[in-house]
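*Asks:* Here's my sequence, what's the structure:
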Amino acid sequence: MSLGKLVVAAVRVEGRTKSDVARSYGVSRQWVHELVRRYDAGGEAGLEPRSRRPRGSPQQIPVEIEEDIVRLRKRLEESGLDAGAHTIAYHLHQLRGSAPAPSTIWRILSRRGFVIPQPQKRPRSSFVRFEADQPNERWQADITHWALGDGTHVEILNIIDDHSRLLVASDARRITKAADVVASFRKAAGRHGFPASVLTDNGAVFTAAPRGGGRCAIEIELFALGISLRHSTPYHPQTCGKVERFHQTLKKALAKQPAARSLGELRSHLDWFRGYYNTERPHRALGRRTPREAFRARPVAKPSMRGLPIPGHYRIRQDKIDGHGLVTLRYNSRLHHIGVGRQHAGSRVLLLVADLDVRVLTREGELLRRFTLDPSRNYQRQR
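*Replies:* A predicted model of the protein is given here:
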């Protein structure tokens with residue numbers, strides 16, 4: 001028997017006063033009065049424990065805001081974009097001018113079945129992070145692969161800022177050559193300034209060291225600008241972890257878009273995502289700021305090394321003039337076509353190269369052409 005029933009029995013059956021019963025059982029007289037009232041109104045059922053839940057909750061999230069949260073979650077997931085509680089809070093604030101706390105949004109998503117517990121995952125608090133102190137202190141560059149709608153494989157060069165995660169370049173090409181890396185770097189530097197250093201893996205377009213020394217195009221470019229170039233340890237992609245992780249983010253978004261039918265269409269997708277990623281998507285590693293906000297929050301770093309003159313490039317090349325009167329010459333990893341004249345088609349020639357000064361000679365020593373190479377042009381027209 002519960003204490004409530006005992007109190008009621010002492011009052012109604014035994015006939016004792018409410019004050020006497022309260023003193024005897026060590027309870028308040030008000031509680032005795034309440035129990036007797038409930039017994040008189042509903043019998044023994046009135047003595048059962050009642051919920052203490054309030055009839056109303058002024059702090060409860062309105063149904064329409066909860067529905068907005070669910071719609072945002074579905075829309076972001078369908079687009080292949082980050083759909084976490086902080087990102088939803090950011091977009092909801094843009095939509096309504098205010099938003100519930102991310103913890104509240106997380107509880108709503110959990111209650112609605114959008115969050116699957118993963119207790120086996122390593123807690124983020126255990127991660128050891130390495131991050132540049134300033135924007136442009138270090139850029140990370142890497143190439144990843146993607147497929148067009150018809151199955152054609154292409155390469156995407158991504159360059160991000162180590163400090164702010166700003167995506168400074170994202171360029172798609174059939175095959176990314178060494179000269180293409182320089183072109184993307186120059187375009188990114190034109191928008192955001194030159195970095196103090198660049199970090200890449202050991203791909204052939206980033207370093208010529210595995211091929212017996214020398215320098216590739218990007219190494220020569222950075223060397224001349226006074227920018228430090230570092231390469232990750234072979235077979236250790238964690239060194240370039242930020243750009244490697246960005247590849248996953250990009251591919252998740254591209255997979256949710258209509259398959260690009262051409263390289264130009266893929267480039268349009270990349271331009272759209274770069275704008276969204278840099279200016280609209282709050283980044284977890286940046287305290288939920290966007291990369292552009294983080295990039296602008298601190299003064300940018302600048303190249304600290306003194307730009308050095310590029311050593312002269314000297315070599316002798318043997319070639320055969322083709323049917324169009326052309327020979328080829330590779331300079332800074334870029335192939336150039338040199339016009340000599342159709343009347344010399346089939347002739348064996350020597351090319352004497354002293355940096356940009358090029359002389360084309362027959363095997364007998366007759367000078368066919370002398371000119372200054374223009375590195376920006378593929379075809380060196382005969383004048």
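
*Asks:* Quick one: low-confidence residue ranges for the stretch 151-300 of the chain.
*Replies:* 210-214, 235-237 (pLDDT under 70).

*Asks:* Quick one: the helices in it, in order.
*Replies:* Using DSSP state H, counting those that start in this stretch, the helices of the stretch 151-300 of the chain run over 178-192, 217-225, 241-256, 263-279, 291-296.

*Asks:* Could you dump those into JSON lines with distance to Lys320 and mean neighbour count added?
*Replies:* No exception for glycine: its C-beta is placed from N, CA and C like everyone else's. Formatted as JSON lines, these follow (distance: least, Cβ to Cβ, whole Å; neighbours: other Cβ atoms under 10 Å):
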{"stretch": "helix 178-192", "distance to Lys320": "24", "mean neighbour count": "19"}
{"stretch": "helix 217-225", "distance to Lys320": "26", "mean neighbour count": "20"}
{"stretch": "helix 241-256", "distance to Lys320": "43", "mean neighbour count": "17"}
{"stretch": "helix 263-279", "distance to Lys320": "33", "mean neighbour count": "16"}
{"stretch": "helix 291-296", "distance to Lys320": "51", "mean neighbour count": "19"}
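
*Asks:* right, and those - which one's nearest Arg12?
*Replies:* Smallest distance to Arg12 across those (Cβ to Cβ): 70.3 Å, for helix 241-256.

*Asks:* Mind listing residues that contact the closest one?
*Replies:* With contacts defined as Cβ atoms under 8 Å, 6 or more residues apart in numbering, helix 241-256 is touched by 78-82, 140-142, 144, 146, 156, 158-160, 162, 165, 167, 170, 237-238, 260, 266, 269-270, 273, 277.

*Asks:* Can you select the buried ones from those residues in PyMOL?
*Replies:* Selection of buried members from these for PyMOL, criterion 16 or more other Cβ atoms under 10 Å:
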select buried, resi 80+81+82+140+141+142+144+146+156+158+159+160+162+165+167+170+260+266+269+270+273+277
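
*Asks:* Out of the contacts of helix 241-256, list just those in strands.
*Replies:* Among the contacts of helix 241-256, DSSP state E puts Gln140, Ala141, Asp142, Thr144, Trp146, Ile156, Asn158, Ile159, Ile160, Leu167, Ser170 in strands.

*Asks:* Turn the residues you listed into TSV, columns for distance to Ile108.
*Replies:* As requested, these are exported to TSV (distance: Cβ to Cβ, whole Å):
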residue	distance to Ile108
Gln140	36
Ala141	40
Asp142	37
Thr144	35
Trp146	35
Ile156	36
Asn158	34
Ile159	38
Ile160	32
Leu167	31
Ser170	34
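
*Asks:* now for the residues you listed, which pair is the farthest apart?
*Replies:* Greatest spatial distance among the ones in strands among the contacts of helix 241-256 (Cβ to Cβ): Gln140 and Trp146, at 18.7 Å.

*Asks:* Return the closest of the ones in strands among the contacts of helix 241-256 with respect to Leu356.
*Replies:* The closest of the ones in strands among the contacts of helix 241-256, once distances to Leu356 are taken by Cβ to Cβ, is Ala141, at 27.0 Å.

*Asks:* Now do the same contact list for the closest one.
*Replies:* Neighbouring residues of Ala141 by Cβ under 8 Å, 6+ apart: Leu157, Asn158, Ile159, Ala169, Val181, Phe185, Val198, Leu199, Thr200, Phe206, Val243.

*Asks:* same thing but at 6 Å, please
*Replies:* Ile159, Thr200 (Cβ atoms under 6 Å, 6 or more residues apart in numbering).

*Asks:* what's around Asn71, how many residues?
*Replies:* Wrong residue type there; residue 71 is Arg, not Asn. Applying other Cβ atoms under 10 Å, we find 12 residues neighbouring Arg71.

*Asks:* show me what contacts it?
*Replies:* Residues counted as contacts of Arg71 (Cβ under 6 Å, 6+ apart): none.

*Asks:* Can you show me the strands along the chain?
*Replies:* For the chain, strands defined by DSSP E occupy the ranges 139-147, 153-161, 167-173, 197-200, 228-231, 314-320, 326-331, 334-339, 348-354, 357-362, 367-372, 379-380.
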